[in-house]
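*Asks:* got a predicted model here, sequence first, then my questions.
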Amino acid sequence: MTKLSVNINKFATLRNSRGGNNPDVVKAAEDAQRFGADGVTVHPRPDERHIRYDDVRRIRKIITTEFNIEGNPTEQKFVDLVLETKPHQVTLVPDALGQLTSDHGWDTIRHKDYLINIIAVFKKAGLRVSIFVDPVVAMVDGAAETGTDRIELYTEGYARQFESGSKEEAVKPYTIAANRARELKLGINAGHDLDLHNLQFFKQQVPFLDEVSIGHALVCDAIYLGYENTIQLYKRQLA
């Protein structure tokens, strides 16, 4: 069964737009669990424009499902936060400073030595590690040499092609990458621009999928459909 981790960053974006604590991101995390999510994902960035570092600390105290923290480990502040809060999984993303949203995976060949060293830091602390990877076999092969436990397939390319009507062509590299990851004994996550329209087909075509992390589309749907109902609709696509 593929797990659904709900990324609650957009709740924090809305809160920060007005100040105060409405909506309450800790309650958003609690409710995600209560409404059936298998996990909660947060992605604190150095400028704290959505999830703040203190949010992560407060959310960690109430998590009863899986907690996943995403971020760029080149920021020492991020590394320190992860080691302090000890989530169930840390997902390493090669974001540039000030980047609007994640838009590519690691070059696991070029950055192999760096990834080996930083992944070892987190694994020494007993954390499961996943790294963002594009659906390219060479990048999956490189990931296997870093010591990571999982890869997270970056799915924006799939979502874009799916929307244009080329769903079979869109999913093909992800199916190949997932099969290769399985051969290399890597767990497989996926995320970015997955939604109620493209998720089920992705799940059907990409084997061995452990987890998807979905935030923006899910929160947008929740505005119209309700938070609890939306989480259940996404879970149904993964069933």
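*Replies:* That came through, no problem. Residues are numbered from 1 along each chain as shown.
*Asks:* and A96, what pLDDT?
*Replies:* Per-residue confidence (pLDDT) for A96: 62.
*Asks:* show me what contacts D221?
*Replies:* D221 sits next to D195, L196, T230, L233 when contact means C-beta atoms under 8 Å, 6 or more residues apart in numbering. Glycine gets a C-beta too; all of them are placed from N, C-alpha and C.
*Asks:* one more: E163?
*Replies:* H197, N198.
*Asks:* want to throw the contacts of D221 into JSON lines with pLDDT, neighbour count and distance to A181?
*Replies:* Listed next are those as JSON lines, based on pLDDT from 0 to 100; neighbours: other C-beta atoms under 10 Å; distance: C-beta to C-beta, whole Å:
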{"residue": "D195", "pLDDT": "98", "neighbour count": "17", "distance to A181": "23"}
{"residue": "L196", "pLDDT": "97", "neighbour count": "16", "distance to A181": "25"}
{"residue": "T230", "pLDDT": "98", "neighbour count": "22", "distance to A181": "29"}
{"residue": "L233", "pLDDT": "98", "neighbour count": "16", "distance to A181": "28"}
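*Asks:* how far does stretch 191-207 stretch from one end to the other?
*Replies:* Across its full length, stretch 191-207 reaches 15 Å between end residues, using C-alpha to C-alpha, to the nearest Å.
*Asks:* any regions of this structure where pLDDT drops low?
*Replies:* 95-103 (pLDDT under 70).
*Asks:* quick one, longest helix in it?
*Replies:* Of all segments of type helix in the chain, defined using DSSP state H, the longest is helix 167-183.
*Asks:* quick check: what element follows it along the chain?
*Replies:* strand 187-191 (DSSP states H and E).
*Asks:* so is the residue nearest the centre of the chain in a helix, a strand, or just coil?
*Replies:* Centroid check for the chain by C-alpha atoms, centre = their mean gives S213 as the closest residue, at 4.3 Å. Put simply, S213 is strand when judged by DSSP: H, G, I helix; E, B strand; the rest coil.
*Asks:* surely it meets D193?
*Replies:* No - S213 is beyond contact range of D193, at 11.3 Å (criterion: C-beta atoms under 8 Å).
*Asks:* re earlier: which helices and strands sit right next to the longest helix of the chain?
*Replies:* Packed against helix 167-183 by the contact rule (3 or more C-beta pairs under 8 Å, 6 or more residues apart in numbering; DSSP states H and E) you find helix 137-144, strand 150-154, helix 156-163, strand 187-191, helix 199-205.
*Asks:* return the most buried member of those.
*Replies:* strand 150-154 (a mean of 26; mean count of other C-beta atoms under 10 Å).
*Asks:* for the chain, what spans make up the strands?
*Replies:* With strands called from DSSP state E, the chain shows them at 3-7, 39-42, 66-71, 89-92, 128-133, 150-154, 187-191, 211-214.
*Asks:* Throw these into CSV and include distance to V79, thanks.
*Replies:* Listed next are these as CSV, based on distance: least, C-beta to C-beta, whole Å:
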stretch, distance to V79
strand 3-7, 20
strand 39-42, 15
strand 66-71, 9
strand 89-92, 9
strand 128-133, 12
strand 150-154, 18
strand 187-191, 20
strand 211-214, 20
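*Asks:* out of the ones you listed, which gets nearest to Y114?
*Replies:* strand 89-92 (10.1 Å; C-beta to C-beta).
*Asks:* hey, C-alpha coordinates of the closest one in PDB?
*Replies:* Provided in PDB are the C-alpha atoms of strand 89-92 (Å, rounded to 0.1, in the frame of the first residue of the first chain):
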ATOM      1  CA  GLN A  89      12.500  10.500   7.400                       C
ATOM      2  CA  VAL A  90      14.600  13.300   6.000                       C
ATOM      3  CA  THR A  91      14.300  14.100   2.300                       C
ATOM      4  CA  LEU A  92      17.200  16.000   0.800                       C
END
